[in-house]
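Colleague: this is a predicted model, with the sequence first.
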Amino acid sequence: MIAQRVGTTALRRVAAKPNAFFTADVARMGFLAGSLHKATQTRLVATQKLTPADAHDILNKQRLQRPVSPHLDVYDKQQTWFSGSVWHRFTGMGFSGGLYVFATAYLAAPLLGWHLESASIAAAVGALPLAVKGGLKFIVAWPFVYHCVNGVRHLCFDMAVGFKRKTIVQMSWYIWGASLVSGLYLAFFL
Amino acid sequence: MASIARSALLRQAASVPKLPAATHAIARSSALRQSIANTVRASAFHTTSRRNLLPPLPQHVDGTVNDAAPIPETSPAHGSYHWTFDRLVSAGLVPLTLAPFAAGSLNPTMDAVLCGLILIHSHTGFQNIIIDYLPTRRVPRTRKAVMWGLNVATVIVGLALYEFETTDVGVTEAIKRVWTA
């Protein structure tokens, strides 16, 4: 029996098993001790301390990387720009905006020396050439007819009528055609 | 560890049919070319490039992630009654707007009712636009300011319409005169 040999064998056996004398991380050792004879593979993960604010930071950064849903710039232009809801809004905005601007100007006219009574406006419009008159009247008539007819369509939607895809596409084309024809009639023949 | 990675490449090279020694380099490069071609084929699946359109705004979490989504508070003036009132006004405007075309002009009372309904309709319409494009969560002060500005503008327009009806001929008559000028 060689003392050296005995010593090294004993040392090797001690060093192989997790031992409180040689291991600083006792918790990790306890975890390892149970796993030495398991068939499954165990791996240790490195953990770090996170405050709730840090966790929210990670979540917010990840949210910025989520895919953006298709919208007005890239979605089917026939459905988003021509199907009707957005033009209903545009024509409504145009009319109401015009009314608000005219009303404010009408109230401010005496203070600024303008003449915005109906008689002056009628005289000014009457003096314009025929094509310009017709053009101006079309610019007012078409939004009016479009908003009116499309408004009826929206009221039908509100009663859950006319939601079949084919109906929606057909009606939007009909309304565009009807509003253009009626606008031309109102502008040039009325 | 590197040998594990290399063994896959070696297997690929071995699967290539054996060629005379002079073309060994070509065989290895063809295997490489094939792996590059596979990645090109995968990326060609994306048919459009990723354009940064309307990127999401800076995000923040109010409370914790386990809190329920906030429910807007109930209000008799801003709930479904508002919606129903809106539709009633719109429905009422349809015959009232078509009547002048049939009758030529309206008497002052009907004209006043038409102006009032148009004013309410415009006001609620503008409110919808502001609600859609200025959410409170994103721009609280701008939204409040613009809403108040709309209220002031509506009052001014109401005044103007009253003046127009009383001192001038009225809206339907004025439109008829300008149209047939």
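Modeller: Perfect, I can see it now.

Colleague: what pLDDT is listed against B:Val94?
Modeller: pLDDT for B:Val94: 95.

Colleague: which residue ranges of chain B form helices?
Modeller: With DSSP state H as the criterion, chain B has helices at B:2-15, B:24-43, B:80-103, B:108-133, B:140-167, B:171-179.

Colleague: close to chain A: what parts of chain B are there?
Modeller: B:51, B:53-56, B:58-61, B:64-65, B:87, B:90-91, B:93-94, B:97-98, B:118, B:121-122, B:125-126, B:129, B:153, B:156-157, B:159-161, B:163-164, B:168-169, B:173-174, B:177-179, B:181 (Cβ under 8 Å from any Cβ of the partner chain). Just so you know, the C-beta spots here come from the backbone N, C-alpha and C atoms, and that holds for glycine as well.

Colleague: which residues touch the residue nearest the centre of chain A?
Modeller: With distances taken as Cα atoms, centre = their mean, A:His71 lies nearest the centre of chain A, 6.3 Å away. A:His71 makes contacts with B:Leu53, B:Leu54, as judged by Cβ atoms under 8 Å, 6 or more residues apart in numbering or on different chains.

Colleague: chain B contacts on chain A?
Modeller: For chain A, the residues in contact with chain B (Cβ under 8 Å from any Cβ) are A:52, A:56, A:59-60, A:63-64, A:66, A:68, A:71, A:73-74, A:89, A:92-93, A:95-96, A:99-100, A:102-104, A:106-107, A:117-119, A:121-123, A:125-126, A:133, A:137, A:148, A:151-152, A:154-155, A:158, A:190.

Colleague: where are the low-confidence patches of chain A?
Modeller: A:1-7, A:9-19, A:22-23, A:27-38, A:73 (pLDDT under 70).

Colleague: domains for it, by residue range?
Modeller: Following automatic domain parsing, chain A resolves into domains at A:1-43, A:76-188.

Colleague: mean neighbour count added to the ones you listed, as CSV?
Modeller: Listed next are the domains of chain A as CSV, based on neighbours: other Cβ atoms under 10 Å in any protein chain shown:
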stretch, mean neighbour count
domain A:1-43, 10
domain A:76-188, 15
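
Colleague: distance to B:Leu114 for the ones you listed - can I get that in a markdown table?
Modeller: Formatted as a markdown table, the domains of chain A follow (distance: least, Cβ to Cβ, whole Å):
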| stretch | distance to B:Leu114 |
| --- | --- |
| domain A:1-43 | 78 |
| domain A:76-188 | 12 |
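
Colleague: among these, which is nearest B:Asn38?
Modeller: domain A:1-43 (30.3 Å; Cβ to Cβ).

Colleague: show me where chain A has its strands.
Modeller: With strands called from DSSP state E, chain A shows none.

Colleague: quick one: the helices in it?
Modeller: For chain A, the helices defined by DSSP H cover A:3-16, A:26-35, A:52-63, A:77-80, A:85-112, A:118-126, A:130-158, A:165-189.

Colleague: which strands and helices sit next to the fifth one?
Modeller: On a contact count with 3 or more Cβ pairs under 8 Å, 6 or more residues apart in numbering or on different chains; DSSP states H and E, helix A:85-112 meets helix A:130-158, helix B:108-133, helix B:140-167.

Colleague: would you mind giving these as a markdown table with distance to A:Leu180 added?
Modeller: Formatted as a markdown table, the helices and strands packed on helix A:85-112 follow (distance: least, Cβ to Cβ, whole Å):
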| stretch | distance to A:Leu180 |
| --- | --- |
| helix A:130-158 | 7 |
| helix B:108-133 | 23 |
| helix B:140-167 | 29 |
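
Colleague: wait, which of the ones you listed is closest to B:Arg33?
Modeller: Per Cβ to Cβ, nearest to B:Arg33 of the helices and strands packed on helix A:85-112: helix B:108-133, 52.6 Å.

Colleague: what distance separates the closest one from the middle of the whole chain?
Modeller: Here helix B:108-133 is found 22 Å from its chain centre; the criterion is Cα atoms, centre = their mean, to the nearest Å.

Colleague: just stretch A:125-132 next, same as before
Modeller: Centroid displacement of stretch A:125-132 relative to its chain, using Cα atoms, centre = their mean, is 44 Å.

Colleague: what's the nearest residue to A:Ser85 if we skip its chain neighbours?
Modeller: Distances taken as Cβ to Cβ, 6 or more residues apart in numbering or on different chains put A:His154 closest to A:Ser85, at 7.8 Å, once the chain neighbours are dropped.

Colleague: who touches stretch B:166-178?
Modeller: Outside of stretch B:166-178, the residues within contact range by Cβ under 8 Å, 6+ apart are A:117-119, A:121-122, A:125, B:100, B:104-106, B:108, B:111, B:114-115, B:161, B:164-165.

Colleague: switch to 6 Å and redo it
Modeller: Residues outside stretch B:166-178 that contact it (Cβ atoms under 6 Å, 6 or more residues apart in numbering or on different chains): A:Glu117, A:Ser118, A:Ile121, A:Ala122, A:Val125, B:Pro100, B:Ser105, B:Leu106, B:Asp111, B:Cys115.
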